[in-house]
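Visitor: structure of the sequence below:
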Amino acid sequence: QVQLVESGGGLVQAGGSLRLSCAASGRTFSNYGMGWFRRAPGKEREFVAAISWNGLSTYYADSVKGRFTISRDNAKNMVYLQMNSLKPEDTAVYYCAANTRRYGSTWSGGYWGQGTQVTVSS
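Guide: Model prediction:
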């Protein structure tokens, strides 16, 4: 079992930056691939970024590639999402997920946090 708590969301102007953090509890954190997902109003949840258990491999949705960076610190049980050049269409609730895996072309997680709201104003 892994418990996840996200933080760092807020209101930012277009072009600005935010850094999301995800604090994980549980001794098996370093065994899991981790990911970030988001759900915009009226839309389905979508994959944003993922990172392998050792941090050596990262994956991004095309919509955020080059603007967002996922990272992790296994010593601190933390995962981060640095978001730069934010756009109004990035507005969503962002969720951290543990045991994130790709099934064909679809990403999904096994354990989820409660989410943190990110709002980007134009």
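Visitor: distance from the chain centre to stretch 80-89, please.
Guide: Remark: stretch 80-89 is offset 11 Å from the chain centroid, using Cα atoms, centre = their mean, to the nearest Å.
Visitor: swap that for stretch 109-122, please
Guide: Distance, centroid of stretch 109-122 to centroid of chain: 8 Å (Cα atoms, centre = their mean).
Visitor: quick check: buried residues in it?
Guide: Of all the residues in stretch 109-122, those buried under the rule 16 or more other Cβ atoms under 10 Å are 109, 111-113, 115-116, 118, 120. Where you see a C-beta, it was placed from the backbone N, CA and C, and this is true even at glycine.
Visitor: check stretch 86-101 too.
Guide: Those would be 86, 90-100, for stretch 86-101 by 16+ other Cβ under 10 Å.
Visitor: and those, which two are furthest apart?
Guide: L86 and N99 (27.6 Å; Cβ to Cβ).
Visitor: do you know how far G113 is from G33?
Guide: 15 Å (Cβ to Cβ, to the nearest Å).
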